[in-house]
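Visitor: Predicted coordinates and the sequence they were generated for:
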Amino acid sequence: MPLITLSAPYGAGGSQVGPAVAERLGVPFVDRAIPTGVAERLAVPLRDAIDRDESIGGWLTRALLSFGQVTPVLAGATPAPEQVLTDDAFRQATEQVLREHALGEGAVILGRAGALVLRDQPRALHVRLTGPEVARIEQGMRIEGVERTTAERHLEETDRARRAYVHHYYRCDPADPRHYHLVLDSTALSLEACTDLIVLAAHDR
């Protein structure tokens, strides 16, 4: 069964393309279910897993999103031991959820550094949706139905948090095309065309 990881910054349309691809291929779209699975494995409240999803914990998320400061982790310093343990447990639980889906009936997995976690899965297709910031802001406005200033803020906050997540856990840049089999500018191509191309590539893969 098809297994696709989908990486998409703000305004690239991942939350629209992912479900459309999953429906076309007849496999689950895995996004919101991931925090639930992580919470079950760690025996923590779902809210805690949601707060940490695609972030690096509340302390770093607040610094990144509210203050825009470079944190000790990104500067190369070592955080407190309890934070390391907590972060590692969260990473392991997230990876376990992704691998369980990879071994199951197939899936389209959005985010969570799926291309890195599942890079050794021979049947996986790793896809990146992207586009210039200005074009992603405009597409984000259409998708969310928000004004430009709101879309600009969402782009800055979301992109920064996702880059920090991948850098912190995997020391990689999520925009590096070497992680993917297929990279599409989903602001130059319609989201429908991107869906078609991913489905075609999945069948070929």
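Guide: On my side now, so go ahead.
Visitor: Give me the local confidence score for residue 105.
Guide: Reported pLDDT at residue 105 in the predicted model: 82.
Visitor: from memory it sits against residue 27, does it?
Guide: Yes - Residue 105 lies in contact with residue 27 (C-beta atoms under 8 Å); the separation is 6.4 Å. All C-beta spots, glycine's among them, are computed from the backbone N, C-alpha and C.
Visitor: which residues are in contact with both of the two?
Guide: Jointly contacting residue 105 and residue 27 under the rule C-beta atoms under 8 Å, 6 or more residues apart in numbering are residue 1.
Visitor: more crowded one of those two?
Guide: Per other C-beta atoms under 10 Å, whichever of residue 105 and residue 27 has more neighbours is residue 27, with 21 against 11.
Visitor: Buried residues, stretch 18-35. List them.
Guide: Neighbour counts over stretch 18-35 (16 or more other C-beta atoms under 10 Å) mark 18-22, 24-25, 27-31, 34-35 as buried.
Visitor: lowest-confidence helix or strand of the protein?
Guide: For the chain, scoring each helix and strand by mean pLDDT, DSSP states H and E identifies helix 72-75 as the least confident one, at a mean of 36.
Visitor: Tell me the spacing between the residue nearest the centre of the chain and residue 144.
Guide: Most central in the chain under C-alpha atoms, centre = their mean is residue 111, positioned 1.8 Å from the mean C-alpha point. Residue 111 is 17 Å from residue 144, where distance means C-beta to C-beta, to the nearest Å.
Visitor: swap in residue 156?
Guide: Distance from residue 156 to residue 144, by C-beta to C-beta: 14 Å.
Visitor: what does residue 173 give?
Guide: 26 Å.
Visitor: where do the helices sit along the protein?
Guide: Assigned by DSSP state H, the helices in the chain fall at 14-25, 33-42, 46-52, 58-62, 72-75, 81-102, 114-117, 133-144, 148-170, 191-204.
Visitor: Can you get me a residue count around residue 173?
Guide: Residue 173, neighbours per other C-beta under 10 Å, totals 12.
Visitor: Mind pulling the model confidence for it?
Guide: What the model reports for residue 173 is a pLDDT of 92.
Visitor: show me the contacts for it.
Guide: Residues in contact with residue 173, defined by C-beta under 8 Å, 6+ apart, are 163, 166, 167.
Visitor: Output those in CSV; the columns should cover neighbour count and pLDDT.
Guide: Shown next, in CSV, are the contacts of residue 173 (neighbours: other C-beta atoms under 10 Å; pLDDT from 0 to 100):
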residue, neighbour count, pLDDT
163, 17, 85
166, 23, 85
167, 16, 85
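Visitor: Switch the residues you listed over to CSV; also include distance to residue 136.
Guide: Formatted as CSV, the contacts of residue 173 follow (distance: C-beta to C-beta, whole Å):
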residue, distance to residue 136
163, 14
166, 18
167, 20
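Visitor: now, which of the residues you listed sits nearest residue 9?
Guide: For these, the residue nearest residue 9 by C-beta to C-beta is residue 163; the value is 8.6 Å.
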